[in-house]
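Trainee: Give me the fold of what follows.
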Amino acid sequence: MDFDSLVGALKVVGAAISGVLGVAGLIFDFKHEGGKLTRAGKLVLTGIIASGLVAVAASSVEIYKAKSESAKQLARTEQLLHELSRAVQPISKLEAGYWVEVRSGNSTIDAYLKRLDREIESRIEQLRKIEIGKDIGLQAISAEWNGNPLTVEISNNSDLWPKDQEAFIALAALTYGYTVFILKEPIEIQKFTGVHGTGDFSAFGVLTKDGKLNWDRREKKLYIRSNMVYEKALWNSNGRVTSVVDLMGAQLVLIPPNAVQLPTQYAQFRNKELEELQQEAHLKTIVFTVADGRDIWLSGKSFKESKMPDGRTVLSLVLPTDETSFRRFTSSAEGQEKE
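Mentor: Got it, this is the predicted structure:
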């Protein structure tokens, strides 16, 4: 029986009891001369109580029905707003810019870092100057209030660009990139296979060949700064992740280049120094552009490094579930580093 039928039945019963009580009131005396209730009086009293209970039951059912319909309407409204939000915040593109720390891994890297530090310090006065139209492959991209350079960018036009024995560092700068997976429902990474198409969304990137090196004078650290474009032809999606809204509560998985190992028969083609650099490299910051004017900043410290079943390295992160936390979390990588 539905709510309307139940309420109708209760009201009919209540009206019937009220009618019977009204007729009984005209026919019977309800008290003896001593003031005690007669048998008819007791029956009428019972009927009054029953009528009250029926009325309360009818009201309760109506209130429950109203709340139930209100909850359903609210759920429909929230679902409508969710779908509307998905429609107005689509993932229309996918690009990534990232800073990866080159950690000292062997004598060649150590020697290059020392040379870079020495040469840059000797050119500080030159780096203080802004020379428009002249590209020497070396420029200060951040500085203190007094103009003292903090971060110096090195491109392949500079004489400080890695060469000869150091060439594998340059190769890393030009080829370092990530394969992206997004899972709407987080899983244990130990069960993740990393096969294209296994997640709700996955994408392979196309390098833009604009990799550069950044030298942090204060921390004496070297970073690869590069960008990657994920062409839609290399996307795979089952439709569960199509908008920024779908990223809330989702698990983001990044597979770095060191995860790809050549089979034994191709060992002669391996660049072991490059592989070691990639294995030791550490993500500092990554920013995804998912639509025009919509960036998602993430700190490398927010990612957890794990191993997949086949032993490959993988970085994973579960994003906040509510919009306020999500926006706050993804608006500043520096803020995540402080947490």
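
Trainee: quick one, helices of this protein?
Mentor: Read by DSSP state H, the chain holds these helices, from start to end of the chain: 3-27, 39-88, 107-122, 124-128, 167-175, 272-280, 323-330, 333-338.

Trainee: where among these is the average confidence lowest?
Mentor: Per-stretch mean pLDDT for those is lowest at helix 3-27 (a mean of 52).

Trainee: Point out where the stretch 101-250 of the chain drops to low pLDDT.
Mentor: Segments of the stretch 101-250 of the chain classed as low confidence (criterion: pLDDT under 70) are 130-135, 209.

Trainee: Try it again at 80.
Mentor: Within the stretch 101-250 of the chain, the set of residues satisfying pLDDT under 80 comprises 104-105, 129-136, 194-198, 206-209.

Trainee: what sits up against stretch 117-127?
Mentor: When contacts are defined by Cβ atoms under 8 Å, 6 or more residues apart in numbering, stretch 117-127 is touched by residues Leu138, Gln139, Ala140, Asn148, Pro149, Val152, Leu160, Trp215, Arg217, Lys220. C-beta: built from backbone N, CA, C; applies to glycine.

Trainee: Filter those down to the buried ones and express that as a PyMOL selection.
Mentor: Of the contacts of stretch 117-127, the buried ones can be selected in PyMOL as follows, counting by 16 or more other Cβ atoms under 10 Å:
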select buried, resi 138+139+140+149+152+160+215+217
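
Trainee: Closest one to Asn271 out of the contacts of stretch 117-127, please.
Mentor: Nearest to Asn271 out of the contacts of stretch 117-127 is Leu160 (Cβ to Cβ; 21.6 Å).

Trainee: What residues does the closest residue to Tyr98 other than its chain neighbours make contact with?
Mentor: Closest residue to Tyr98 apart from its sequence neighbours, by Cβ to Cβ, 6 or more residues apart in numbering: Ile286 at 4.1 Å. The neighbourhood of Ile286, defined by Cβ under 8 Å, 6+ apart, consists of Ala96, Gly97, Tyr98, Trp99, Tyr178, Leu254, Trp297, Leu298, Gly300, Ala333.

Trainee: try it again with 7 Å
Mentor: Neighbour list for Ile286: Ala96, Tyr98, Leu298 [criterion: Cβ atoms under 7 Å, 6 or more residues apart in numbering].

Trainee: Please identify, among these, the one with the most neighbours.
Mentor: Of those, Leu298 is surrounded by the most neighbours, 24 neighbours in total, counting by other Cβ atoms under 10 Å.

Trainee: all strands of the stretch 101-250 of the chain, in order?
Mentor: Per DSSP state E, counting those that start in this stretch, the stretch 101-250 of the chain carries strands over the ranges 138-143, 149-154, 179-183, 201-203, 206-207, 212-216, 221-229, 235-237.

Trainee: would JSON lines of those with distance to Ile109 be doable?
Mentor: JSON lines is the format used below for these (distance: least, Cβ to Cβ, whole Å):
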{"stretch": "strand 138-143", "distance to Ile109": "20"}
{"stretch": "strand 149-154", "distance to Ile109": "15"}
{"stretch": "strand 179-183", "distance to Ile109": "25"}
{"stretch": "strand 201-203", "distance to Ile109": "30"}
{"stretch": "strand 206-207", "distance to Ile109": "22"}
{"stretch": "strand 212-216", "distance to Ile109": "12"}
{"stretch": "strand 221-229", "distance to Ile109": "8"}
{"stretch": "strand 235-237", "distance to Ile109": "35"}
